[in-house]
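Trainee: Fold the stuff below for me.
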Amino acid sequence: MAISISDRRPVGQTGLTLPVFGFGSAHLGELYSRVPEAVSRATLEAAWQGGVRYYDTAPWYGRGLAEHRVGGFLRTCDRSDFIVSTKVGRTLIRPADPATFDRAPWTGGLNFDIRFDYTRDGILRSYEQALQRLALDRIDALVVHDLDAACHTPAALYLQHRRDLQTSGMKALQELKAAGDIRAIGIGINTNEAFEAVAPEVDPDFLLVAMPYTLADQDSLERGMADCLRRGISVVIGAPYASGILVTGSGSGANYAYSAASDAVQAKIRGIEEVALAHDVAVPAAALQFVLAHPAVVSVIPGAAHPDQVRANIGHLQAEIPASFWADLKAANLIAATAPVPDHG
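Mentor: Model prediction:
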């Protein structure tokens, strides 16, 4: 049964409902390549014309560039017609030496350094900065971004950031929600470790899961995802293409988890591709529809850096996929035997 882009699902107990399909803006921050301003605008226009009404962004994406681009487009639209979320935990600051500042890992972006801060003051400052970059007076949901061990060294700093969030950062988010300034609180999850260490320490309305649950990996199915169901926490899938390989396909240059795909990952994706070819199924379509079949998942937000990519994503969402495709993936141990799959009844 095809999925409609206008379908909505409730986020926890918040009263907020999200469209099942949204727009992730990391690529507009120039993640892998430069995106001309006109192409960025055309990409957002294509999303809007295609019926997309949920837009997610972050200060980190292009060091502020994605928020400027998303907000610059959305401020021309009726505010009651769309939902926007952004991230907190980083504030942007002028570099100590702008002339020599390295914007990596962004290929372009803006010339701003970042400061991690998960305290009450840091969360509020991040929120206030985001309002100005977006040129909007209201943000629907705020997501605590990148509270993962890999982002914070030494380990003592990571633990301090977690304490900051628990002791004061979450209070700031709860105050914003109680005041009606935001409607939902999210936590960004990039790893199973964060799924199991950070998420249980706080009480979010939803998790924005970037990598641990995709067509390529369901290791979290009986772990973090099961805990979301138990706790009544909704899930937004932020990297349905596993940072690239599920849309570009296997082969030289394929990215997985934001780096070059390993031989083991390449082999698994080749297996999925073989089954997809036998059933005349596009792997990106399977990637989008697979994650939406999980009962905790309320939305999927693939990225795009060109209007054609937006239109392709919308087509993948609505493509018909036979039940036999999913059965063959399970029979070949290419997805977990207990993984929920789309209902074709």
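Trainee: Could you report the separation of the closest residue to V144 other than its chain neighbours from V236?
Mentor: For V144, ignoring the flanking residues on the chain, the nearest one in space by CB to CB, 6 or more residues apart in numbering is I187 at 4.8 Å. Any C-beta I mention is one placed from the backbone N, CA and C, and that applies to glycine too. When distances are taken as CB to CB, to the nearest Å, I187 and V236 turn out to be 11 Å apart.
Trainee: Now for those two: what residues contact both?
Mentor: When contacts are counted by CB atoms under 8 Å, 6 or more residues apart in numbering, the set common to I187 and V236 consists of F206, L207, L208.
Trainee: Spell out, range by range, the strands that occur in this structure.
Mentor: Secondary structure of the chain (DSSP state E): strands located at 8-10, 17-19, 23-24, 54-56, 83-88, 90-93, 113-116, 141-144, 184-189, 206-209, 234-237, 255-256, 259-260, 297-300.
Trainee: Pick out the residue nearest the middle of the protein.
Mentor: What sits nearest the mean C-alpha location of the chain, by CA atoms, centre = their mean, is G238, with 2.2 Å.
Trainee: For it, which residues are in contact?
Mentor: Remark: with contacts taken as CB under 8 Å, 6+ apart, G238 is in contact with G24, D56, G188, L208, V209, A210, I301.
Trainee: now, among those, which is nearest to D148?
Mentor: Sorting the contacts of G238 by how near they are to D148, with CB to CB, puts G188 at the top with 8.3 Å.
Trainee: so what's P154 up against?
Mentor: Listed by CB under 8 Å, 6+ apart, the contact set of P154 is empty.
Trainee: any weak-confidence spans in the chain?
Mentor: Regions of the chain meeting the criterion pLDDT under 70 cover residues 1-2, 344-345.
Trainee: Okay, helices next: where are they in it?
Mentor: 37-49, 65-74, 120-134, 155-164, 170-178, 192-197, 224-231, 245-248, 263-279, 283-292, 307-318, 323-331 (DSSP state H).
Trainee: Tell me who's in contact with V236.
Mentor: If a contact means CB under 8 Å, 6+ apart, then V236 has 18, 22, 56, 186, 206-209, 297-301 as its contacts.
Trainee: Distance of it relative to T248?
Mentor: Remark: distance between V236 and T248 (CB to CB) = 23 Å.
Trainee: Tally up the residues packed near the residue nearest to F116 when sequence neighbours are not counted, please.
Mentor: Excluding its sequence neighbours, the residue lying closest to F116 (CB to CB, 6+ apart) is R90, at 5.8 Å. Residue crowding around R90 was assessed by other CB atoms under 10 Å; the count is 25.
Trainee: shift numbering so it begins at 55
Mentor: With 55 as the first residue, the last one maps to R144.
Trainee: and A270, what does it touch?
Mentor: A296, I299, L300, Y310, V319, K322, I323, I326.
Trainee: same question, T154
Mentor: Contacts of T154 (CB under 8 Å, 6+ apart): none.
Trainee: burial count for R157?
Mentor: The tally of other residues near R157 (other CB under 10 Å) stands at 17.
Trainee: Sorry, slip of the keys, the one I care about is A209.
Mentor: Around A209 there are 9 residues (other CB under 10 Å).
Trainee: thinking it is in contact with A203, fair?
Mentor: Yes - judged on CB atoms under 8 Å, A209 makes contact with A203 at a distance of 7.0 Å.
Trainee: Work out the gap between stretch 235-245 and the centre of the chain.
Mentor: For stretch 235-245, the distance between its averaged C-alpha position and the chain's averaged C-alpha position is 10 Å (CA atoms, centre = their mean, to the nearest Å).
Trainee: Ends of it, what's the gap?
Mentor: Across its full length, stretch 235-245 reaches 29 Å end to end, with CA to CA, to the nearest Å as the criterion.
Trainee: Pull out the buried residues from stretch 261-271.
Mentor: Buried residues in stretch 261-271, counting neighbours by 16 or more other CB atoms under 10 Å, are found at L261, L262, V263, A264, M265, P266, Y267, T268, L269, A270, D271.
Trainee: Could you do stretch 283-301 as well?
Mentor: By neighbour count with 16+ other CB under 10 Å, stretch 283-301 contains the buried residues 287-301.
Trainee: which of the residues you listed lies closest to A100?
Mentor: Set against A100, the nearest of the buried residues of stretch 283-301 by CB to CB is V301 (16.5 Å).
Trainee: Distance of that closest one relative to A293?
Mentor: V301 sits at a distance of 11 Å from A293 (criterion: CB to CB).
Trainee: what does G105 give?
Mentor: Distance check for G105 against A293: by CB to CB, it reads 22 Å.
Trainee: swap in T130?
Mentor: Relative to A293, and taking CB to CB, T130 is found at 28 Å.
Trainee: sorry, back to before: output the shared contacts of I241 and V290 as CSV; include the columns distance to H333.
Mentor: What follows is the shared contacts of I241 and V290, written out as CSV (distance: CB to CB, whole Å):
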residue, distance to H333
F260, 32
L261, 31
L262, 31
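Trainee: For V352, give me its contacts.
Mentor: Contacts were defined as CB under 8 Å, 6+ apart; by that measure V352 touches R63, P64, V65, L72, V74, F260, S288, V289, V290.
Trainee: what's the answer for A184, then?
Mentor: Counting by CB under 8 Å, 6+ apart, A184 touches P113, E121, T140, K141, V142, I193.
Trainee: Many thanks, I have nothing further to ask.
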